[in-house]
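Asker: Let me see the structure of the following:
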Amino acid sequence: MMHDPATRDPATRDPDDILRAHDVAPVRHAAIVWFTRRNYTRHRAMDPSGLPASFDEWLVHAERTSRDTGIAHRVVIDPAQFSAWCRAAARDTDASARTDFAQIVAKAAGRRNWWRRGNAATSGYITRSR
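Answerer: This next block holds a predicted model:
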């Protein structure tokens, strides 16, 4: 019997199934993960070798990436919810997972137009870059 990928045990689910279940296109760069000064330390603790030592260092790189790629949607993700999603999806808390999670948040927010009303999504919020 075939199981719907969205209902299988999270520990045995393929991350691609999770993205398909959430209707996230495999195309990257529709949204960029954005940290706040307040949540950066918690994200860095989850991925110390994948993030710069300081928020200011990260910010310089992120602003350059956002400008160079033309990404308009910055997705601020909640560290606790991101960590829980990674555990459920059996993913490392790395850059690839942050990007995938941001895509899910952006897609959900887009369906609801949350960022246009200025409301916060439950797992993050979207801002428009300048």
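Asker: In contact with residue 92, which residues?
Answerer: Residues near residue 92 by C-beta atoms under 8 Å, 6 or more residues apart in numbering: 47, 86. (Each C-beta comes from the backbone N, C-alpha and C, glycine too.)
Asker: for the record, mean pLDDT for the helix or strand hosting residue 32?
Answerer: Secondary structure assignment for residue 32, by DSSP states H and E: strand 31-34. Taken as a whole, strand 31-34 has an average pLDDT of 88.
Asker: Would you mind identifying the next helix or strand past it?
Answerer: Toward the C-terminus, strand 31-34 is succeeded by helix 37-46 as the next helix or strand (DSSP H and E).
Asker: Quick check: buried residues in that next one?
Answerer: 39-40, 43-44, 46 (16 or more other C-beta atoms under 10 Å).
Asker: what separates residue 81 from residue 89, distance-wise?
Answerer: Distance check for residue 81 against residue 89: by C-beta to C-beta, to the nearest Å, it reads 12 Å.
Asker: Hmm, residue 73 and residue 66 touching each other?
Answerer: No - counting by C-beta atoms under 8 Å, residue 66 does not reach residue 73; the two are 9.6 Å apart.
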